[in-house]
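>>> Sequence and computational prediction follow.
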Amino acid sequence: MVRSKGLVAAALAVALFAVPAAAFASASKIGSPGLGDRFFPLAGNGGYDVGHYDLRLAYDPTSHRLGGVADITATTTQDLEQFDLDLRGFDVARVMVNGAPANFRRRGQELVVRPATTLHAAEPLHVVVAYAGVPHAVIDPDGSLDGWVTTDDGAVVLSEPQGSPSWFPVNDYLTDKATFTISMTVPNGLEVVGNGLPDAPVRHGATTTHVWRERQPMAPYLTTIAIGKFAITRATTRTGIPIINAVDPRLARDSRAALEHVGDIIDWESSVFGPYPFDSVGATADYAPEVGYALETQTRPTFAFPIDTLSLVHELAHQWFGDSVSLQSWPEMWLNEGFATYAEWLWTAHTGGPSPQQSFVGTYNAIPANDPFWTIAPGPATLPSAVDLFGDQVYLRGAMTLQALRDTVGDDAFFTIVRQWAATHRGGNANTTEFIALAERVSGRPLHPFFQAWLATPSRPPLPAGANRGGGTRGTAPSVRHLRRR
């Protein structure tokens, strides 16, 4: 039976790939304590949308004490008698809402706030939280460290997926992007590196205040601060984008060669993915051996080890796929990591190595059909749990899905899909259903069976017709954990 590919395919895509609606939808005047994410149901909060965070903080690396004021500008999305912020630990001294003192209490990771008067929907919301304490890292479901991590000369922040509340009160979800101003006061002699562009440091007595401003919307987990001793260098790309790199002196020699390519990588990725979406770029390398991974913190990816070129390509590709075009829910992670891994394959070919087709077929052939790798399907409805969020399947099967799509629709349609995806959702959030719809619209082909096989079926999909042409064997499939990047 022949069916209309448009409405039927779209309906099937919604059924197979859509993530359930938020579990905490509320008709009351109490903002929900979470947004119902399948992996992190208490992440984020209902009832308001944040526009800007102004964090005015100070850190003492001797006592490890962090404190100050979070000034949050938002808009209500419903009538509110009560709402929550995400905050892990700390002593809260006061909370002000629209200029008036508010009652507050703690409940797990929630800071529950009750304003003096009921707030009405679609009105400005201004929240000020004064707090202090010793921040602690969060242990992720896969055992890795997340959030505020103390180092031997300061601290570094890598917050994917749930670490932002480890250092400031926040509506900690992917879909509530905001701009940020982060002011951090530290002892003289220490540097502070963050997102966006810096103001000139201001010295006062024994301390110096460093201010970083990110003027483009940013998901909270992409915020970063690195405090310590860094060699900071500045340059520009050929198109004039400022490059700011900060490297712990212990990592400088082994990171130098990769950092020399930041401008080249951004210029090349712009030619493939479309214009770079932010107003600065660079990288931070901090000595944090217990972390073990790199993260695409917006505008300035953070590495806990010496930077290598492929890791840099991966994290800079995330500036398009993950940072500018962000997920609508955490189980959609293949959209981030599949694209970033595929960027590695493209760069490898660009610099004279195997083609993406050879990387695809070689990886595919290196993993037998009976290998447990294939039993985990990385689609948003089938990825089993938060433990699998950064598993090999999300990265490698995600990248293989993209090359298989390229084999299926052809080069012109594929790169049109990629560029339109980055342009259409720039600065926003998107999901797998929308990606399938775009791929079908651009290619003019029904692609639901293709995506069902590659993303939602717990077995090895068949290679597209002709995919073995130009293929090869890379020996063994690369280990994402060995590559140490998110």
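Looks like it arrived, so ask away.
>>> low pLDDT regions in this protein?
Scanning the chain for pLDDT under 70 picks out the ranges 1-27, 466, 468-485.
>>> Show me how it divides into domains.
Under the assignment automatic domain parsing, the domains of the chain span 52-67+135-317, 326-483.
>>> Please report phi then psi for residue 254.
Backbone geometry at residue 254, expressed as degrees, to the nearest 10, gives phi -80, psi -10.
>>> hang on, the earlier thing: Serialize the domains of the chain to JSON lines and add fields for mean neighbour count and distance to residue 28.
C-beta here means a position set from N, CA and C on the backbone, and glycine is covered the same way. Output for the domains of the chain, formatted as JSON lines (neighbours: other C-beta atoms under 10 Å; distance: least, C-beta to C-beta, whole Å):
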{"stretch": "domain 52-67+135-317", "mean neighbour count": "20", "distance to residue 28": "18"}
{"stretch": "domain 326-483", "mean neighbour count": "19", "distance to residue 28": "24"}
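>>> Just put those domains in JSON lines and tack on distance to residue 106.
Output for these, formatted as JSON lines (distance: least, C-beta to C-beta, whole Å):
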{"stretch": "domain 52-67+135-317", "distance to residue 106": "11"}
{"stretch": "domain 326-483", "distance to residue 106": "24"}
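>>> For residue 60, list the residues it contacts.
Each residue near residue 60 by C-beta atoms under 8 Å, 6 or more residues apart in numbering is listed here: 66, 187.
>>> now it: how far from residue 291?
Separation of residue 60 from residue 291 (C-beta to C-beta, to the nearest Å) stands at 22 Å.
>>> Double-check residue 48 against residue 73; I have them as touching.
No. Counting by C-beta atoms under 8 Å, residue 48 does not reach residue 73; the two are 10.3 Å apart.
>>> More neighbours: those two, which one.
With neighbours defined as other C-beta atoms under 10 Å, residue 48 and residue 73 compare such that residue 48 has more, 24 against 15.
>>> what sits against the nearest residue to the more buried one once chain neighbours are set aside?
Computed as C-beta to C-beta, 6 or more residues apart in numbering, the closest residue to residue 48 that is not its neighbour in sequence is residue 74, at 4.6 Å. Counting by C-beta under 8 Å, 6+ apart, residue 74 touches 48-51, 124-127, 171.
>>> ok, residue 198 to residue 234 distance?
For residue 198, the distance to residue 234 - C-beta to C-beta - is 10 Å.
>>> The host helix or strand of the residue nearest to residue 48 pairs with which strands?
Using DSSP states H and E, residue 74 sits in strand 65-76. When sheet partners are counted by DSSP bridges, strand 65-76 sits next to strand 48-60 (antiparallel), strand 124-133 (antiparallel).
>>> Could you save these as TSV and add columns showing distance to residue 187?
Shown next, in TSV, are the strands paired with strand 65-76 (distance: least, C-beta to C-beta, whole Å):
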stretch	distance to residue 187
strand 48-60	7
strand 124-133	17
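>>> Among these, which comes closest to residue 107?
Closest approach to residue 107 among those (C-beta to C-beta): strand 124-133, 15.3 Å.
>>> which parts of that closest one are buried?
Neighbour-count burial for strand 124-133, counted by 16 or more other C-beta atoms under 10 Å, picks out 125, 127-131, 133.
>>> all helices of the stretch 1-150 of the chain, in order?
Ranges of helices in the stretch 1-150 of the chain, per DSSP state H, counting those that start in this stretch, are 5-17.
>>> helix or strand right after the longest helix along the chain?
In the chain, taking DSSP state H as the definition, the longest helix is helix 334-350. Where DSSP H and E defines the elements, the next helix or strand beyond helix 334-350 is helix 356-366.
>>> Identify the residues contacting residue 279.
Neighbouring residues of residue 279 by C-beta under 8 Å, 6+ apart: 196-197, 215-216, 241-242, 299.
>>> Quick check: residue 163 touching residue 146?
Yes. Residue 163 is in contact with residue 146 according to C-beta under 8 Å; the separation is 3.9 Å.
>>> Quickly list what's touching both of these two.
Residues touching both residue 163 and residue 146 (C-beta under 8 Å, 6+ apart) are 137-138.
>>> So what's the residue count around residue 86?
Residue 86 is flanked by 25 other residues according to other C-beta under 10 Å.
>>> List the residues that contact it.
With contact set as C-beta under 8 Å, 6+ apart, residue 86 has these partners: 42-45, 109-111, 164-165, 169-172.
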